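Q: Prediction below, plus the sequence it came from.
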Amino acid sequence: MILAVASGKGGTGKTTVAVNLARVFGSGVQLLDCDVEEPNSHLFLEGELLDEEIVSIPVPQVDEPLCDGCSECGRFCQYHAIVSFGTVPLVFPAMCHGCGGCAKVCPRKAIHEVDWRIGVVETVRAGEITLIQGRLDVGMAMAPPLVRAVKARLRNGVPAILDAPPGTSCPVITTLRGTDFVLLVTEPTPFGLHDLKLAVAMVREIAIPFGVVVNRVGIGDGRAHAFCREENIPILLEIPDDRRIAEVYSRGSLIVEALPEYRGLFESLIEKTMMPKNFERV
Amino acid sequence: MKIAFTTSGDNLDAPLDSRFGRAPKFLIYDSDANTFAVIDNQQSLNAAQGAGIQSAETVARSGAESLVTGHCGPKAFRVLHAAGIKIFNSDAPTVAAALEQYRAGLLAEANSADVEGHWA
């Protein structure tokens, strides 16, 4: 069972929900921090680093003596990663999506692929939780290949919770693809609702069952709740606007440990998301 | 010879655009024939990434040997340089004024990008 925690607006409480769910899970669970541009789940979990692996993507390298400047490579590339004007091609590794197409279309077989480092994947054992997180190198613009490397470490048959990046763009969609259920975390404010609508449209587009978690209930207004009612979207958890939660979070502690009265909320959320047949089918 | 100018308009009185990669159009002036053509650069305006590279490819394909623009970023510079196109930075208000500066030899050829990319 692979559960993803996403949101529209950032800062609504994805990581809060993901790490606390992982902690109350009980038996072994994998927590994947797919927000590779700024992984922060590790702030709440103490453990030992088991493994660190460098992740690279294949980018073209041109063997200049073999190249005759035909520019087929440049014509093929959709991403302007390789460019030629009857000259030896220029390669822009940061634009490359690693499709290998330029190498295939080159009539002189003058292009081969070399590894270009984009970041690392770290595996940490924190009690019952195995945390797997990606860290994109500073200066790298493309997150999805690293997100895929993190997800490649999902072990079959082991339950997993994926902490997604905020928003609705490529890194988020790469994270959500192939998961069984998505929790969309929102706050009941106009900004929260605006971005929740975008996130709902995105999750419907990729056709994964989903439900909503409303965090900081008590602030803002009732329009997020009304929206979910109108759209027949189940609200699976409501977290009140409790200042103590913010205090616990800012210390890097887990709600379910520091404020045990909240354990039940997270336990019931696990029960609900293990029975997806009850929820909206897209 | 052909000289490319970044612009948002359709003739020599149009403003010179300060950007290269996201310039809405290029005015390609033929100094031998004293004529010009305007190329649309909408695709680069709307591109998420690689606008500089795409714009440089467009200018290279136009046959221009020189480019006059407000600013030019690193990726664009690399492509233009590889294509053998000379780059001149100008803060003239219109294409016509920039052309005057160019003809009077007032513009120095750029040997590097003069701004960072927008994603840096």
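A: Right, received. Where do you want to start?

Q: buried set for the longest helix belonging to chain B?
A: Counting residues, the longest helix found in chain B (DSSP state H) is helix B:51-61. Under the neighbour-count criterion of 16 or more other CB atoms under 10 Å in any protein chain shown, helix B:51-61 has B:51-60 buried. The C-beta positions use only the backbone N, C-alpha and C, and glycine is treated the same way.

Q: next one: stretch A:175-183
A: A:175-176, A:179, A:181-183.

Q: you'd agree residue A:128 is up against residue A:26?
A: Yes. Applying CB atoms under 8 Å as the test, residue A:128 and residue A:26 come out as touching, 7.1 Å apart.

Q: Neighbour count for these two, which is higher?
A: Taking other CB atoms under 10 Å in any protein chain shown, residue A:128 and residue A:26 do not tie; residue A:128 has more neighbours (13 against 10).

Q: can you tell me how far the residue nearest to the more buried one when sequence neighbours are not counted sits from residue A:13?
A: Closest residue in space to residue A:128, ignoring its immediate chain neighbours: residue A:28 at 5.4 Å, by CB to CB, 6 or more residues apart in numbering or on different chains. Noted for residue A:28: a distance of 24 Å to residue A:13, by CB to CB, to the nearest Å.

Q: Same check on residue A:58?
A: Residue A:58 sits at a distance of 37 Å from residue A:13 (criterion: CB to CB).

Q: measure stretch A:118-138 end to end?
A: 9 Å (CA to CA, to the nearest Å).

Q: chain center to that stretch: distance?
A: Taking CA atoms, centre = their mean, to the nearest Å, one finds the center of stretch A:118-138 at 13 Å from the center of the full chain.

Q: average pLDDT across it?
A: On average, the pLDDT along stretch A:118-138 is 96.

Q: residues of that stretch that come out buried?
A: Going by 16+ other CB under 10 Å, stretch A:118-138 has these buried residues: A:118-124, A:126, A:129-136.

Q: likewise stretch B:69-89?
A: B:69-73, B:75-83, B:85-89.

Q: Can you name the residues of chain B sitting close to chain A?
A: Where chain B comes near chain A, counting by CB under 8 Å from any CB of the partner chain, the residues are B:49-50, B:53-54, B:56-57, B:60-61, B:75, B:78-79, B:82-83, B:119.

Q: Go through these and name the one nearest residue A:256.
A: Taking CB to CB as the measure, residue B:119 is the one of those closest to residue A:256, at 39.1 Å.
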